[in-house]
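Visitor: Starting from these lines, generate the structure:
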Amino acid sequence: MHVLVVLIFCLEIMQNQSFVTEFVLLGLSQNPNVQKIIFVIFLVVYLATVSGNLLIVVTILSSPALLGSPMYFFLAFLSFLDVCISSVIAPKMIFDLLHEKKTISFASCLTQVFVGHVFVGTEMIVLSAMVYDRYVSICKPLHYSYIMNSRLCCILIGVAWMVGILHSIVQIAFISQLPFCGPNVIDHFTCDLFPLLKLACTDTYVVGLLVVTNSGFLCILIFSMLLVSYGVILFSLRSHCSEGQKKALSTCGSHVDVVVMLFVPCAVFCPHA
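Guide: Below is the predicted model of the structure:
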C-alpha cells in the first residue's frame, strides 16, 4: 500500500509540471513487413518463456518434496519473476507491432518503468540467495537443514522484495522533478529511464549520473557478493574428492549461466544507454 502511495505521489508531481500526456514509441522498426516478422518471433518467444516458467512453478508447487527444498523454492520464485519481467514489456511491444500508432500514456509509462525495476532488482537479490543456498549446501552440508529452514527462505524473499522496491522508488524519485514539455517520441520499444531523460526539458546530466549510480551500485554490490561466494565455494572444494567436486560444480553451473546472462548485458548496455 505504501509503495502505491509513493508511486501515485511521484506521478502526480511529474504530471503537474509536464505538458506531455502520452509518449510515442518508435519500436524496433518502421517497416510493416519487418514488424510482422518481429511480431511472430517475439510472440513465440514470449509464449515459450511464460509457459516454460509457469510449468516450472506449477511442477514445484505441486510436489511437496521439491517445494520443501530451498533450492527449488528459490527456483520457483525466480521463474515467477521471469514471467513478471517478461510481461511488463513484451505484451505492449507485441501489441504495438500490429498497430500503426504506438502510444503509451504518461502514467502507464512511469508505471512500466517502476514495476520493471522492482522485478529486476528483486531477481538480483534472489540470485544472491540462491548462491548462499549453494554455499551452505557445499561448505556446511551437515548444518544445511538447520540453516536453510523455511523461515530463513521467507526472510530472504522478503528482503529481495524490499530491495527491489527501494531501488525502483529511488529511480522514480530521481526523475519525478523533471519537466516534460515535448517532444514526446521515445526512440525505443518500451519506456525506460534513459530514453525518458533524453526528452526532459532541462539539463539531466546530474540526474543521469544518479540513475547510473543507483543501478550500478546495486549491480556491483550483488555481483561482488556472488564472486566472493563462488570464490569461497571453489576454495572449499579443494578438500572434496573428484566426484564430489563434479557434483558440486554441476549444481552451480546453471546458476552461473543465469548470473552471466543477467549481469553481462547490464555491464555492456547500461553505460551506453
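Visitor: Pull out the buried residues from the helix or strand hosting Leu234.
Guide: Secondary structure here is read from DSSP states H and E; on that basis Leu234 sits in helix 205-236. Neighbour-count burial for helix 205-236, counted by 16 or more other CB atoms under 10 Å, picks out 207-208, 210-211, 214-215, 218-219, 222-223, 225-226, 229-230, 233. In this view, the C-beta of every residue, glycine as well, is placed from N, C-alpha and C.
Visitor: residues contacting the nearest residue to Leu197 once chain neighbours are set aside?
Guide: For Leu197, ignoring the flanking residues on the chain, the nearest one in space by CB to CB, 6 or more residues apart in numbering is Thr204 at 4.4 Å. Applying CB atoms under 8 Å, 6 or more residues apart in numbering, we find Thr204 in contact with 178, 197-198.
Visitor: Show me which of the residues you listed is closest to Thr122.
Guide: When the contacts of Thr204 are compared for distance to Thr122, the smallest value, 23.6 Å, is given by Leu197; criterion: CB to CB.
Visitor: Now do the same contact list for that closest one.
Guide: Contacts for Leu197 (CB under 8 Å, 6+ apart) come out as 175, 178, 204, 207-208, 211.
Visitor: Low-confidence ranges, the stretch 101-250 of the chain, go.
Guide: Low-confidence segments of the stretch 101-250 of the chain, defined by pLDDT under 70: 239-250.
Visitor: which residues of the stretch 101-250 of the chain fall in strands?
Guide: Read by DSSP state E, counting those that start in this stretch, the stretch 101-250 of the chain holds these strands, from start to end of the chain: 103-105, 185-186.
Visitor: To Ala48, which of those strands lies closest?
Guide: Across these, the minimum distance to Ala48, taken as CB to CB, is reached by strand 103-105, at 25.1 Å.
Visitor: which parts of that closest one are buried?
Guide: When neighbours are counted by 16+ other CB under 10 Å, the buried residues of strand 103-105 are found to be Ile104.
Visitor: Just the residues contacting it, thanks.
Guide: 21-25, 92, 112, 191.
Visitor: Mind checking which of those residues land in helices?
Guide: The helices, defined by DSSP state H, take in 92, 112 from the contacts of strand 103-105.
Visitor: which of the contacts of strand 103-105 sit farthest apart?
Guide: Comparing all pairs in the contacts of strand 103-105 by CB to CB, the longest separation belongs to Thr21 and Lys92, at 17.3 Å.
Visitor: Settle it for me: which of the two has more neighbours?
Guide: Each of Thr21 and Lys92 had its neighbours counted (other CB atoms under 10 Å), and the higher figure belongs to Lys92 (18 against 12).
Visitor: Contact partners for Leu28?
Guide: With CB under 8 Å, 6+ apart as the criterion, the residues that contact Leu28 are 34-35, 38, 189.
Visitor: Not counting sequence-adjacent ones, nearest residue to Ile125?
Guide: Distance criterion CB to CB, 6+ apart; nearest residue to Ile125, sequence neighbours excluded, is Ala160 at 3.6 Å.
Visitor: quick one: contacts for the one you found?
Guide: Each residue near Ala160 by CB under 8 Å, 6+ apart is listed here: 122-123, 125-126, 129.
Visitor: For those, which entry has the maximal number of neighbours?
Guide: Of all the contacts of Ala160, Thr122 has the most neighbours under the rule other CB under 10 Å, reaching 25 neighbours.
Visitor: just checking, it touches Ser168?
Guide: No. Applying CB atoms under 8 Å as the test, Thr122 and Ser168 come out as separate, 9.3 Å apart.
Visitor: Could you check the strands of the stretch 101-250 of the chain and tell me which one is nearest Asp82?
Guide: When those are compared by CB to CB, strand 103-105 sits nearest Asp82, at 22.8 Å.
Visitor: From the chain's centroid, how far away is the closest one?
Guide: Relative to the mean C-alpha coordinate of its chain, strand 103-105 is positioned 22 Å out (CA atoms, centre = their mean, to the nearest Å).
Visitor: Stretch 117-124 now?
Guide: Centroid displacement of stretch 117-124 relative to its chain, using CA atoms, centre = their mean, is 4 Å.
Visitor: Was I right to think Cys181 contacts Thr21?
Guide: No. Taking contacts as CB under 8 Å, Cys181 lies outside contact range of Thr21: 11.4 Å.
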